[in-house]
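Chemist: Sequence plus predicted model, see below.
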Amino acid sequence: MSAESKKAHNFIQSLIEDAVANGEHTGQVVTRFPPEPNGYLHVGHAKSICLNFGIAETFAGECNLRFDDTNPEKESQEYIDAIKKDVEWLGYTWAGDARYASDYFDAIYYFAEELIEKGKAYVCALSADEMAEYRGSLKEPGRNSPHRERPAEESLKLFRDMRDGKYENGELVLRAKIDMASPNMNMRDPILYRIRYAEHHQTGDKWCIYPMYDFTHPISDAMEGVTHSLCTLEFEDHRPLYDWVLDNITAPCQPRQIEFARLNLNYTITSKRKLRRLVDEHLVDSWDDPRMPTISGMRRRGYTPESLRTFCDMIGVNKAGGTVDMGMLEFAIREDLNTRAPRAMCVMRPLKVTLTNYPADKTETLVLPVHPQNPDMGQREVTWSQTLYIDREDFIEEVPRKWKRLAPDQAVRLRGGYVMTCKEVVRDANGEIVELRCEYDPSTLGVNPEGYKPNGVVHWVSESDSVGCDINLYDRLFNHESPDSDKEGDMVDHINPQSLVVLEGARVERSLATPRTDLPYQFEREGYFFCDQELTAKAGKPVFNRTVTLRDSWGK
Ligand code: ATP
Ligand code: MG
């Protein structure tokens, strides 16, 4: 084990280091990432994944992937497959096969009977409403259920009858016998098992009773020999119950639960339930819509595993909640792509340029670096010819102050090519500009012109050496900092209507006719763009998703 980690220390790591140093902890460190397969993973889960797998890595231990599958109605194989793919894509390998809480249903059932036999659990027939009433409140203690003192043999028989399908949904539950006056509501005889006639994606129709999360989790951890059960702060009040369960059964080991703060990110939501609503109500295309804060959505948008891991390092792990600025996530991907993304030119809104003094039958091959700071990435060729395209937004007739692009009778350099001067503006019958007639200066390839100064540098492609493509300009999905905590409104009211702008008919360098699919490109002066494989196959031409702009321009 190396205490020296390249990553920043977090309090959990320090805690384990101390426990190892003073002999409190011996043996291997085992953690687990325990998603419920009821949706796709989001950026908050990335934090938990990096933490759990990171701790295991730091201490040369192991991290399990365990599906917490005790709510069969809401879960599915689709989610299981998606979750596995996301964890692998982030770069982590779980120990052995993926596990399921349902693998332990027999053991959990066994421990339930053990509790009943010890007089520590009983079958209760109160209705849900009655149970809520008996439970008391934060100000008032609860009252004991009339079934609390039922003899163990009677509870055992009823529990077996529950298991054997002799009761209806909701008729009976198994409850722990702890303390109805506990100031901790979770300790007021919590439910351990309930009846649910539901087909389970792993166990089929074997069970019609399912254990509750709070009973399942400590037992699953113990069954796997988990040493440190890391979870988010909302489970802090459940820790006494976690420990109670393990203290009162013949558990194979005693894991330790440690809580940390959830990741909240502004301008988005991190709740599977709310994300599912966006999908179900068709407010986004799918779970992996590039605007979604899901791992699959971010992957499709062009986020890299490296950038997500860096982001998780940057935000750290602590006990204090808080909200992280979306700008930090964007910073992490920009930093990563700035050093790694190959450069290319893409003209988003093409405006034709004819070089009146360049021969129609002539072309020249210009050589540009794939990355200006990294010669190892090699070079690319682009073709100079009479007909070129520049972006409509790089030309203006009424020149504002500080205009550093093309205008009538002004000159600009075309990136990596020559300097040209705009001589004539051609319009169609509607008065719309359809072409610029320009003169290029043959003495300016790689050198400054003599006697005048170009008014900036613009990107371009040539007609013969470019291909058509579509561009999805993605922006933040919500235009409200905290879309789901607006008491007056609904999160749906805060969806950014500009979160997707589609540009059809853009043109990109020919070398990108078959774009690489492992990494986004930097389209010079525009931002980072990643080939959408699904949309490309559908469109029959490249479709690029904007991963992130070159600079942080949000709200500016
Ligand atoms: P959601 O509300 O989105 O369904 P959850 O906590 O119910 O989240 P689980 O599938 O139970 O989702 O989560 C698996 C693991 O990921 C848990 O250990 C959970 O604490 C952790 N996790 C979930 N959301 C976050 C988050 N926003 N930040 C950090 N960890 C999270
Ligand atoms: Mg959950």
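Modeler: Here it is on my side, so go on. Ligands and ions are numbered 1, 2, ... in the order given.

Chemist: Residue 303: what's it in contact with?
Modeler: The neighbours of residue 303, taking Cβ atoms under 8 Å, 6 or more residues apart in numbering as the test, are 333, 547. Any C-beta I mention is one placed from the backbone N, CA and C, and that applies to glycine too.

Chemist: so how many other residues sit close to the residue in the stretch 401-550 of the chain positioned nearest to ligand 1?
Modeler: Relative to ligand 1, the nearest point of the stretch 401-550 of the chain is residue 484 (11.1 Å; Cβ to the nearest ligand atom). A count of nearby residues for residue 484, using other Cβ atoms under 10 Å, gives 17.

Chemist: mind checking how far it is from residue 492?
Modeler: 10 Å (Cβ to Cβ, to the nearest Å).

Chemist: coming back round to it: tell me which element the residue of the stretch 401-550 of the chain closest to ligand 1 is part of?
Modeler: According to DSSP states H and E, residue 484 maps onto no helix or strand at all.

Chemist: what residues are up against it?
Modeler: 269, 271, 274, 491.

Chemist: Phi and psi next, for the residue lying farthest from the centre of the chain.
Modeler: Going by Cα atoms, centre = their mean, the residue of the chain most distant from its centre is residue 451, 53.5 Å out. Main-chain dihedrals, residue 451, degrees, to the nearest 10: phi 90, psi -10.

Chemist: What of residue 316?
Modeler: Torsion angles, degrees, to the nearest 10, at residue 316: phi 70, psi -170.

Chemist: So is stretch 263-282 next to ligand 1?
Modeler: Yes - Stretch 263-282 lies within reach of ligand 1 by Cβ under 6 Å from any ligand atom, at 263, 270-272.

Chemist: Among the residues you listed, which lie within helices?
Modeler: residue 272 (DSSP state H).

Chemist: Just the pLDDT at the residue of the stretch 401-550 of the chain closest to ligand 1, thanks.
Modeler: Listed pLDDT for residue 484 reads 88.

Chemist: How about residue 555?
Modeler: At residue 555, the pLDDT value in this model is 61.

Chemist: Kindly report the same for residue 387.
Modeler: For residue 387, the pLDDT comes out at 98.

Chemist: Phi first, then psi, for it.
Modeler: Residue 387 adopts backbone torsions of phi -110, psi 120, taken as degrees, to the nearest 10.

Chemist: again with the one 4 residues further on
Modeler: Here is the backbone geometry of residue 391 (degrees, to the nearest 10): phi -80, psi 140.

Chemist: For it, list each beta-bridge partner.
Modeler: Here residue 391 sits in beta bridges with residue 350, going by DSSP bridges.

Chemist: Over to residue 343?
Modeler: residue 522.

Chemist: tell me the contacts of it?
Modeler: 368-372, 380, 521-522, 524.

Chemist: can you name the two of the contacts of residue 484 that are farthest apart?
Modeler: 271 and 491 (9.9 Å; Cβ to Cβ).

Chemist: and these two? which has more neighbours close in?
Modeler: Set side by side, residue 271 and residue 491 show more neighbours around residue 491, with 20 against 15, by other Cβ under 10 Å.

Chemist: Show the model's pLDDT score for the more buried one.
Modeler: 93.

Chemist: Based on its surroundings, how many neighbours for residue 353?
Modeler: Residues lying near residue 353 (other Cβ under 10 Å) number 24.

Chemist: quick one: contacts for it?
Modeler: Contacts of residue 353 by Cβ under 8 Å, 6+ apart are 387-390, 420, 435-438, 460.

Chemist: Any stretches of the stretch 151-300 of the chain with poor pLDDT?
Modeler: Applying pLDDT under 70 to the stretch 151-300 of the chain flags no residue at all.

Chemist: Where do the helices of it begin and end?
Modeler: In the stretch 151-300 of the chain, the segments counted as helices under DSSP state H, counting those that start in this stretch are 152-163, 213-223, 239-248, 272-280, 295-301.

Chemist: what sits against the closest residue to residue 435 other than its chain neighbours?
Modeler: Among residues not flanking residue 435 along the chain, residue 426 sits closest, at 4.0 Å (Cβ to Cβ, 6 or more residues apart in numbering). By Cβ under 8 Å, 6+ apart, the contact list for residue 426 reads 433-437.

Chemist: and these, which are buried?
Modeler: Taking 16 or more other Cβ atoms under 10 Å as the criterion, what is buried in the contacts of residue 426 is residue 436.

Chemist: closest point of the chain to ligand 1, which residue?
Modeler: Closest point on the chain to ligand 1, by Cβ to the nearest ligand atom, is residue 44, at 2.2 Å.
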